[in-house]
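# What follows is a predicted protein model with its sequence.
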Amino acid sequence: MEHQIGFFNVRLNEGQSCVLKSTRRYGDIVKYDFLFRWSAENAADDDVFTVCWAAKVPGVMYKWDSRCNLSRDLCPHWDDRFNSMLSRNSPVTCYFDGKDTNRYCWAVSECKKLVSLKNSLRDQVGELNLCFSFGTRQFTNRFETEITLYIDTRPVPMRRAVEDVAAWWENELGIASLQVPDLAREPIYSFWYSYHQNVNARDVEQVCRKVKDMGFDICIVDDGWQTDDASGGYAFCGDWRPAPGKFSDMAEHIRRVHEIGMKYILWYAVPLIGPESVNFSRFEDKLLCKSSNGSSSILDPRYSEIRSFLVDTFKKAMTEWNPDGFKLDFIDSWSDSPDNMPYNEKMDIPDLQDAVDKCMSDIVGAIAQIKPDILLEFRMSYIGPHMRRFGNIFRVGDCAGDYLRNRASILDLRMLMGESAVHSDMLMMAPFEDPRINAIQIISCMFGSMQFSGRPDSLNEDTIRMSRFWLSFFKEHRALLQSRTLKTYEAHLLYTWAQTTLDGECAAGVFAVDKVIKLEPAEKTYIANGCMGERIFLEMQGTYNVRVFDCFGNTADSFEKEISGVEQISVPAGGLVVMTRRDLLPS
């Protein structure tokens with residue numbers, strides 16, 4: 001049956017009720033506080049609440065949502081639903097216009113349980129049709145819940161609208177984030193694309209010496225350390241013991257890497273257990289879902305034994321090997337799905353997302369007690385506000401060689417992550433590629449922390465020189481590049497340029513040929529040419545000392561220039577312009 005509350009249409013079954021407790025207005029931000037109630041019979045049947053409404057919003061041209069994909073298109077009414085839960089996505093959507101101005105941003109307060117969101121454009125009249133819905137069974141032993149719907153129609157940059165939703169979750173709703181050590185914002189060398197599963201202690205130590213010379217201070221040893229088999233897949237996951245043929249003494253190996261001056265992060269596919277693992281038979285009756293193709297299955301955290309096993313696994317690694325952090329992979333495998341095993345009485349937590357919350361809280365609490373400044377890397381798509389309680393590094397999802405997705409996803413994630421560190425996917429450096437093009441790949445990551453996965457023994461010297469220059473620039477100007485003053489432009493085109501300001505300095509990245517950029521006034525300005533054009537158009541005022549560098553950091557030109565309006569400066573692809581305001585210098 002349907003229940004009308006103001007302009008909301010609430011669909012519910014007999015035994016369910018919905019009340020709009022309050023409407024709180026803060027200018028063009030409105031928060032609607034709903035109280036939902038249901039019976040035990042409703043919960044047993046997993047009856048669903050659905051709240052729908054329509055909005056006539058002028059100026060809507062594009063849409064962004066928390067799936068952080070490359071699409072910004074408006075979807076028809078039959079084809080735009082996505083699920084949010086603790087382990088996947090965030091319940092927020094922002095509609096915006098061609099000038100990056102927010103037109104209609106909406107979100108809900110329920111970020112842990114499974115919530116389905118629908119965003120669509122009704123083709124007959126052009127209005128937005130919006131819904132959120134959730135089932136009742138997941139609220140274990142509860143028969144009511146309150147959910148706040150947040151709607152923002154302020155004509156502010158869409159970036160700010162999304163950032164304010166993230167701040168609402170964190171500050172008003174109290175979903176606090178994990179401590180972020182300074183190291184979490186540093187560039188990282190990753191062994192994944194460069195070595196895949198063919199890692200061993202000798203190669204890791206040799207590579208660490210080389211990349212330390214390039215400027216890296218942290219490494220991630222990825223999949224492969226736990227198995228002597230390097231044929232791919234996850235059949236050997238689940239024991240989390242070093243492969244004797246590769247890492248005969250993990251503690252001594254990590255100690256040697258520390259002596260080189262590198263921090264050490266170790267990969268774990270947290271929920272996965274493969275049929276070739278010793279532990280598979282131990283946990284075969286405690287799987288969330290079992291593989292049908294002989295690869296890995298998924299452990300079910302609703303069992304206390306599974307959670308204890310995982311906590312003990314990480315405590316043992318911390319105390320015996322002394323790594324500096326963990327790359328916690330595949331958390332989004334713990335997703336609500338009809339294929340999951342049903343609840344049984346041997347489980348002490350009936351709901352999956354509650355169990356994920358408990359499991360991650362226990363893991364992080366145990367290892368942070370041993371090492372408070374632990375580095376914990378997560379990746380898309382587990383990027384919701386509750387995930388920030390458990391991780392302090394959030395990485396773009398795997399997109400080897402994809403300049404566009406790395407750039408767009410970094411800038412997308414920066415909207416959601418608050419003070420948490422945002423990292424690129426690992427950069428795959430082809431040894432035969434023009435160093436200028438590889439420089440553009442690096443510049444695409446300039447407003448996050450770069451992860452790099454080129455093999456130093458196969459890269460040509462030019463690419464190593466180029467990488468060393470840009471890595472040095474990123475480290476020197478990290479505070480500026482990762483400042484919360486970040487502004488982005490043309491989100492519908494996946495960001496043609498962006499800029500940050502801090503303490504009298506401005507940094508900009510240009511990602512489209514012949515794009516005119518209007519920079520914030522600053523005493524010193526850095527402009528990275530992240531496209532194949534050979535010139536940059538600036539709209540600014542003043543007299544400047546200008547130095548132009550190529551992608552290797554060599555000076556290509558140096559001159560004084562008076563700028564009034566739009567001017568162009570020649571700069572090589574993958575190069576850098578440094579401008580010092582001359583008319584502000586002491587006489």
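Alright, I've got the coordinates.
# So the chain: which segments form each domain?
Dividing the chain into domains by automatic domain parsing, as the record does, gives the ranges 2-172, 182-395, 487-584.
# Relative to residue 433, which of the ones you listed is closest?
Checking the domains of the chain against residue 433 by Cβ to Cβ gives domain 487-584 as the closest, at 11.2 Å. For the C-beta atoms, the positions are set from N, CA and C on the backbone; glycine is no exception.
# Just the residues contacting stretch 57-69, thanks.
72-75, 82, 84, 89-98, 101, 103-104, 117, 119, 121, 127-128, 153, 158, 162, 380-381, 383-384, 409, 412-413, 416, 491-492 (Cβ atoms under 8 Å, 6 or more residues apart in numbering).
# Of all the domains of the chain, which one comes closest to residue 474?
Using Cβ to Cβ, the nearest of the domains of the chain to residue 474 is domain 182-395, at 6.1 Å.
# Put together a markdown table for the domains of the chain, with mean pLDDT, distance to residue 456 and mean neighbour count on each row.
Putting the domains of the chain into a markdown table (pLDDT from 0 to 100; distance: least, Cβ to Cβ, whole Å; neighbours: other Cβ atoms under 10 Å) gives the following:
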| stretch | mean pLDDT | distance to residue 456 | mean neighbour count |
| --- | --- | --- | --- |
| domain 2-172 | 95 | 31 | 18 |
| domain 182-395 | 96 | 4 | 19 |
| domain 487-584 | 96 | 16 | 18 |
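# Would you mind giving the ones you listed as JSON lines with distance to residue 463 added?
Formatted as JSON lines, the entries for these read as follows, by distance: least, Cβ to Cβ, whole Å:
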{"stretch": "domain 2-172", "distance to residue 463": "27"}
{"stretch": "domain 182-395", "distance to residue 463": "11"}
{"stretch": "domain 487-584", "distance to residue 463": "10"}
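# so which of these gets nearest residue 441?
Comparing the domains of the chain under Cβ to Cβ, the one sitting nearest is domain 487-584, at 8.8 Å.
# can you give me the strands for the stretch 151-300 of the chain?
Assignment of strands within the stretch 151-300 of the chain using DSSP state E, counting those that start in this stretch yields the ranges 188-190, 218-221, 263-269, 272-273, 287-289, 297-299.
# Going by contacts, tell me the helices and strands next to the longest one.
In other words, strand 263-269. Counting contacts by 3 or more Cβ pairs under 8 Å, 6 or more residues apart in numbering; DSSP states H and E, strand 263-269 packs against strand 218-221, helix 250-260, helix 304-321, strand 325-329, strand 375-379.
# Recalculate using a threshold of 6 Å.
strand 218-221, strand 325-329 (3 or more Cβ pairs under 6 Å, 6 or more residues apart in numbering; DSSP states H and E).
# what does the second one give?
Counting contacts by 3+ Cβ pairs under 6 Å, 6+ apart, strand 218-221 is packed against strand 188-190, strand 263-269.
# of those, which approaches residue 533 most closely?
Nearest of those (Cβ to Cβ): strand 188-190, 29.7 Å.
# show me where the chain has helices.
40-45, 158-167, 192-195, 201-214, 250-260, 280-283, 304-321, 352-370, 403-416, 435-443, 461-476, 478-481 (DSSP state H).
# so the longest one versus helix 304-321, what angle?
Taking axes from the mean of the first three to the mean of the last three Cα atoms, to 10 degrees, helix 352-370 and helix 304-321 form an angle of 20 degrees between their directions.
# Just give me how far helix 352-370 sits from the chain centre.
20 Å (Cα atoms, centre = their mean, to the nearest Å).
# Please name the residues that touch the residue lying closest to residue 279 once chain neighbours are set aside.
Of all residues not flanking residue 279 in the chain, residue 238 sits nearest, at 4.7 Å (Cβ to Cβ, 6 or more residues apart in numbering). Counting by Cβ atoms under 6 Å, 6 or more residues apart in numbering, residue 238 touches 273, 274, 277, 279.
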